[in-house]
Each structure stands twice: as structure tokens, then as C-alpha cells.
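Novice: Here you go, sequence then predicted model.
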Amino acid sequence: MAESQNVEWKESWRDEYLKWICGFANAQGGRIYIGMDDNGQVVGIPDSKKLMEDIPNKVQNTMGIIVDVNLLEEKGKNYIEIIIYPSSYPVNYKGEYHYRTGSTKQQLRGAALTQFFGVKNGI
């Protein structure tokens with residue numbers, strides 16, 4: 001499994017990754033793995049049990065969507081898989097709209113935001 005348009009690896013959790021979750025939800029969905037380095041190797045995370053509660057709550061409270069958060073283990077190291085499903089309606093994070101394209105997250109503004117709303121609304 002390589003990083004791609006639908007897969008992102010992160011060594012540790014940062015709340016700024018909520019924007020990535022928003023971007024995946026507004027695009028085709030995807031998966032974020034917390035506790036993996038840029039080469040796809042599991043490095044583990046020490047606070048996995050706390051994150052198993054914090055991540056779904058933060059996603060629900062900031063964006064109103066549900067994601068699947070799974071605790072996985074490889075060679076004695078815990079890591080987390082976050083599965084984000086594509087949303088049929090525009091999802092925002094604190095009033096900002098993000099979109100996953102290629103292997104980047106883009107904040108939608110101006111004409112891109114207008115076009116995004118048109119597509120989501122079937123126009």
C-alpha cells in the first residue's frame with residue numbers, strides 16, 4: 001500500500017489533520033494512517049487509546065461527520081487507521097472547505113469553491 005490520492009501516512013497525530021479529513025470527505029474519501037512514516041513503515045504511536053476517543057469526537061464536533069477509526073498493530077507497534085467516506089454534501093472545517101486532489105489537500109476559495117458547491121448540489 002503506497003501513499004496516493006486516497007491514502008496518507010502520518011507519523012503522529014496533529015489536529016491540523018482534521019483539514020485532511022475534510023478534504024477526503026469532500027473528494028473521493030480515503031484513509032489516513034497515524035503511526036506510519038513516509039516510507040509506509042509502522043513507527044507506532046504511544047497514545048493510541050486516547051486518540052481512539054479523541055479523533056472520532058473531534059471529527060464529529062467540528063465537521064458533523066462520522067469516520068471509522070481502527071486500532072491496528074504490527075510487530076508490537078500500534079497505529080491507527082482513519083477511514084473517511086465521501087460525503088454527498090459539502091463538509092467544512094471551521095468554515096473552510098478543503099479538497100483532496102492528487103496527494104495534496106487544497107483549501108477551496110473563489111471560483112473553485114463556487115464550482116465545488118455547484119457539483120455537490122448537482123448543478
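Specialist: All right, it came through fine. All values reported here derive from a predicted model rather than from experimental measurement. Numbers count the residues shown, from 1 in each chain.
Novice: going forward, measure contacts between C-alpha atoms and count neighbours the same way
Specialist: Noted.
Novice: Report the secondary structure state of P46.
Specialist: With DSSP: H, G, I helix; E, B strand; the rest coil as the basis, P46 sits in coil.
Novice: quick one: I66 and I82 touch, right?
Specialist: No. Taking C-alpha atoms under 8 Å as the contact criterion, I66 and I82 are not neighbours in contact, 10.4 Å apart.
Novice: Which one's more surrounded, these two?
Specialist: I82 (21 against 16; other C-alpha atoms under 10 Å).
Novice: Is it correct that that one falls within a strand?
Specialist: Yes. Assigned with three-state DSSP, I82 falls within a strand.
Novice: Which residue comes closest to the most centrally placed residue in the chain once chain neighbours are left out?
Specialist: Centroid-nearest residue in the chain, with C-alpha atoms, centre = their mean: I21, separated by 2.5 Å. Spatial nearest neighbour of I21, excluding adjacent residues (C-alpha to C-alpha, 6 or more residues apart in numbering): I84 at 6.6 Å.
Novice: Contact partners for that neighbour?
Specialist: I84 is in contact with 21, 24-25, 29-31, 66-68, counting by C-alpha atoms under 8 Å, 6 or more residues apart in numbering.
Novice: and which of those is nearest T101?
Specialist: F24 (8.7 Å; C-alpha to C-alpha).
Novice: re the thing from before, ok, what's across the strand from the residue nearest to I21?
Specialist: With DSSP bridges as the criterion, the beta-bridge partners of I84 are G30.
Novice: Flag the shaky bits of this structure, pLDDT-wise.
Specialist: For the chain, applying pLDDT under 70 flags the ranges 1.
Novice: Run through the helices of it in chain order.
Specialist: Applying DSSP state H to the chain gives helices spanning 17-26, 48-63, 110-120.
Novice: Noted, bye for now.
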